[in-house]
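K.L.:
sequence unknown, structure follows:
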């Protein structure tokens, strides 16, 4: 038994120290973020166990890396040297679900989609829908403030979290937030923990807001020969007061990759395809949106005539990332620009791809100005990796110059911690550091994530 | 010139020290919160002036009380002894408004309703609508995380603030948040400042989210002979998946006070009136809601047939507080309970009124379980004030026992700072204190508000 394992055992917590298991648990989905060498893995089954781990870690000054399904894309769940990997995914029960108060109380390991499945019988759902919703956990969703396609109309994860139980660095257990629809008693600690990526505390329970499942939903797809025209359409739609429930963009690189993977008649010559859904008064909304697409220069617009057709359209969007993975290792970027500058951002990404000789496809939550440039690299070829990284950096630089942010929904993690200092001013960074030091004075909670060490 | 006034003048800031003016600026709308004796009033015209005031205050250890329109109801803008009252209401320009990006950048002194008026020509509005929207400022709205009637469908202030410029206790200027629709770079400082009531920094600019003005809107009023039936109706409506854009309750005490003030045929024998509006597919939505009111035991349901009639219904809701003011000084309470317990809360308030021999009427954002018990006292009669306070405390106690919160939307201020420690656990309170100390180590920012000194 390792010394650490013994200390954990004495605190009543079983730890795994097998090298292969640790290695397997040391990464999330952030490709190219190199993990450190973890010391132990604890699969926590209760708040008490999480608390015990943090007390032991505090005594020994050992770093703790909280983990869920490790589907994150920024390396916030990646191991650091000497870390205790604290996997809370075994805490996976929905503790209660109240259709009148429209809340669900969940342990952190509950999968996102499970909440909506449990709520469906009451006509309710948990709205935030990150791409990983079938596999990612609510604890991880909250810790990374994960986004999704629903955001353009229904908002982001932080808006759906009412209350949290958090184990602090000291091992003390704190409850914050509420079960009521509204509440403003004291500082908004719930929101402070949303997106803090396990650097301020470990989420062990979440009270989330449920909302009605939209009654109806229709989709259309619009084909554009230029990014400028696609950008104009997004601008026109959002400026019209329309409220699409989904407004996604698939660029030509992805369209060709998708069609290569599985021919389904996608317009491979197009610069971009916009997918739009509406769910309030969908027929009328989509007619208005269709007109805006046409007047913005769409070469073709297809309206899904039923739910099956609409689902098929969305399938291609969901498969876009996998289609790119067939070309190599995909370095997923995540930037957001003011939505009025979407076309400009698309062109900037294309220019970066050309300049560095790498393939970059973009899928975007276009209505939010949130782009995912998917950069294809070949890890066995150093030059390809270097070119990919150079393009990655250039895209971040371009985004900041456009008044955008280095991360729209994936988080900072290890991947972008050095970029954070370029986005925010020095006073902001100092305030963030003071908050971190106030809540984690020993610096044991996920060190090196969000803020550089 | 006072010593402080000289120091401020040397920093380039004009201060007023006239006793009468200071006294007039030393209170907000929290009746019965006794102000301290302020030392100076600065009407700031720029971020630089705010910064200068904080530097002078820091050097002298003088408390600073940030103020806007002072329409708050919890005493967060109330003077403390020796304070510099820092009025930012002269900073009242809308700096930019972008209909495509759907954002407005405002100085803190811009009145809430002005933003919606400026956005209206683009079919947009600033959704949060506190009762004071014509007079209260966006800076104060954000600092107190003010609510309103829209919340039941459209959410709270914190969900509409994208970015802030804040002057920190040190006088340093920080920008946080973003102009993009989404963004998760670093800790969510924007949300930390929302509702922090000027205790962590002074808001000098806000970037807020605009949203489409709902196309159509219809209302109904339902009369209930018992609070239990009204509570059942609210429960039934919210459990049905309906999304009313407004779901307000006026109790019998208010109905009678309103009818006394201006006869308009309100049902003065009723226990409660529910006002409901819908704006998605309003005709269909209201038919469904009408049926739910009837099956829950409404004695009558009136449907407004046009916008004028709907507005008239809402007028009575807006006038409710003024009608109560004719009976004496109104001590406004603000509690939120899980919405399933609304009827129980109404009965608890009525019992408290009877037990303490005071008049208490309740208006409620019923769909959110957010109640405003309006307690009538007569300041010249000590016994009446004591009875009012006792009822006030009893209502807070009841709320906490029901799993509710001591403040749904008005904030903690001086009024409820001792109650905060009863709502949250000791670890939570310690975390709040650590955040406060980290950002305001000298304790000069609005001391004694939110957290007890």
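P.N.:
Noted; the coordinates are in hand. Every value quoted in this text rests on a predicted model; they were computed, and no experiment measured them. Numbering: from 1, shown residues only, chains lettered A, B, ... in the order given.

K.L.:
burial measure for whatever residue of chain A ends up closest to chain B, as a count.
P.N.:
Of all residues in chain A, residue A:191 sits closest to chain B, at 3.4 Å by CB to the nearest CB. (Each C-beta comes from the backbone N, C-alpha and C, glycine too.) Neighbour count of residue A:191, defined by other CB atoms under 10 Å in any protein chain shown: 25.

K.L.:
where exactly do the helices run in the stretch 351-453 of chain A?
P.N.:
Counting by DSSP state H, counting those that start in this stretch, the stretch 351-453 of chain A has helices at residues A:382-401, A:417-423, A:426-439.

K.L.:
what would these look like in TSV with mean neighbour count?
P.N.:
Converted to TSV, the helices of the stretch 351-453 of chain A look like this (neighbours: other CB atoms under 10 Å in any protein chain shown):
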stretch	mean neighbour count
helix A:382-401	18
helix A:417-423	17
helix A:426-439	19
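
K.L.:
excluding chain neighbours, what is closest to the residue of chain A closest to chain B?
P.N.:
Closest residue to residue A:191 apart from its sequence neighbours, by CB to CB, 6 or more residues apart in numbering or on different chains: residue B:191 at 3.4 Å.

K.L.:
lowest-scoring secondary structure element of chain A by mean pLDDT?
P.N.:
When each helix and strand of chain A is scored by mean pLDDT, DSSP states H and E, helix A:307-325 comes last, with a mean of 85.

K.L.:
JSON lines for the helices of the stretch 351-453 of chain A, including mean pLDDT and distance to chain B?
P.N.:
Listed next are those as JSON lines, based on pLDDT from 0 to 100; distance: least, CB to the nearest CB, whole Å:
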{"stretch": "helix A:382-401", "mean pLDDT": "97", "distance to chain B": "9"}
{"stretch": "helix A:417-423", "mean pLDDT": "96", "distance to chain B": "5"}
{"stretch": "helix A:426-439", "mean pLDDT": "98", "distance to chain B": "4"}
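
K.L.:
closest one to residue A:106 among the ones you listed?
P.N.:
In terms of CB to CB, the element of the helices of the stretch 351-453 of chain A nearest to residue A:106 is helix A:426-439, at 23.0 Å.

K.L.:
just the angle for the closest one relative to helix B:426-439, thanks.
P.N.:
150 degrees (axes from the mean of the first three to the mean of the last three CA atoms, to 10 degrees).

K.L.:
contacting residues around helix A:426-439?
P.N.:
Applying CB atoms under 8 Å, 6 or more residues apart in numbering or on different chains, the contact partners of helix A:426-439 are A:168-169, A:192, A:199-201, A:420-421, A:424, A:443, A:450-451, B:168, B:172-176, B:186-187, B:189, B:192, B:431, B:434-435, B:437-439.

K.L.:
for stretch A:287-295, same thing?
P.N.:
By CB under 8 Å, 6+ apart, the list of residues contacting stretch A:287-295 reads A:220, A:222, A:233, A:236-237, A:240, A:242, A:244, A:274, A:276, A:278, A:301, A:303.

K.L.:
buried set for it?
P.N.:
Residues of stretch A:287-295 classed as buried by neighbour count (16 or more other CB atoms under 10 Å in any protein chain shown): A:289, A:290, A:292, A:293.

K.L.:
could you do stretch A:213-231 as well?
P.N.:
The neighbour-count check on stretch A:213-231 (16+ other CB under 10 Å) flags A:213-214, A:217-231 as buried.

K.L.:
and stretch A:338-353, by the same measure?
P.N.:
Result for stretch A:338-353 [16+ other CB under 10 Å]: buried residues A:338-350, A:352-353.

K.L.:
now do the strands in the stretch 51-200 of chain A.
P.N.:
Assigned by DSSP state E, counting those that start in this stretch, the strands in the stretch 51-200 of chain A fall at A:64-67, A:84-87, A:94-98, A:103-106, A:124-125, A:161-167, A:173-177.

K.L.:
and if you look at the stretch 251-400 of chain A?
P.N.:
With strands called from DSSP E, counting those that start in this stretch, the stretch 251-400 of chain A shows them at A:272-278, A:300-303, A:329-332, A:335-336, A:359-365, A:370-377.

K.L.:
so which of those strands is the most packed in?
P.N.:
strand A:335-336 (a mean of 29; mean count of other CB atoms under 10 Å in any protein chain shown).

K.L.:
centre of the chain to that strand, how far?
P.N.:
Here strand A:335-336 is found 12 Å from its chain centre; the criterion is CA atoms, centre = their mean, to the nearest Å.

K.L.:
other residues contacting it?
P.N.:
Outside strand A:335-336, the residues that touch it by CB under 8 Å, 6+ apart are A:345, A:368-371, A:373, A:395-396, A:399, A:404-409, B:178, B:180-183.

K.L.:
can you pull the domain assignment for chain A?
P.N.:
Using automatic domain parsing, the domain ranges for chain A come out as A:3-87, A:94-212, A:218-401.

K.L.:
just to revisit the earlier point, out of the contacts of stretch A:287-295, flag the one nearest to residue A:363.
P.N.:
Looking across those and measuring by CB to CB, the closest to residue A:363 is residue A:274, at 11.3 Å.

K.L.:
can you tell me the closest non-neighbouring residue to the closest one?
P.N.:
Computed as CB to CB, 6+ apart, the closest residue to residue A:274 that is not its neighbour in sequence is residue A:222, at 4.6 Å.

K.L.:
given the host helix or strand of the one you found, what are its sheet partners and their directions?
P.N.:
Residue A:222 is part of strand A:218-224 when elements are defined by DSSP states H and E. With DSSP bridges as the test, strand A:218-224 is paired with strand A:272-278 (antiparallel), strand A:300-303 (antiparallel).

K.L.:
using TSV, lay out these together with mean pLDDT.
P.N.:
Output for the strands paired with strand A:218-224, formatted as TSV (pLDDT from 0 to 100):
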stretch	mean pLDDT
strand A:272-278	95
strand A:300-303	92
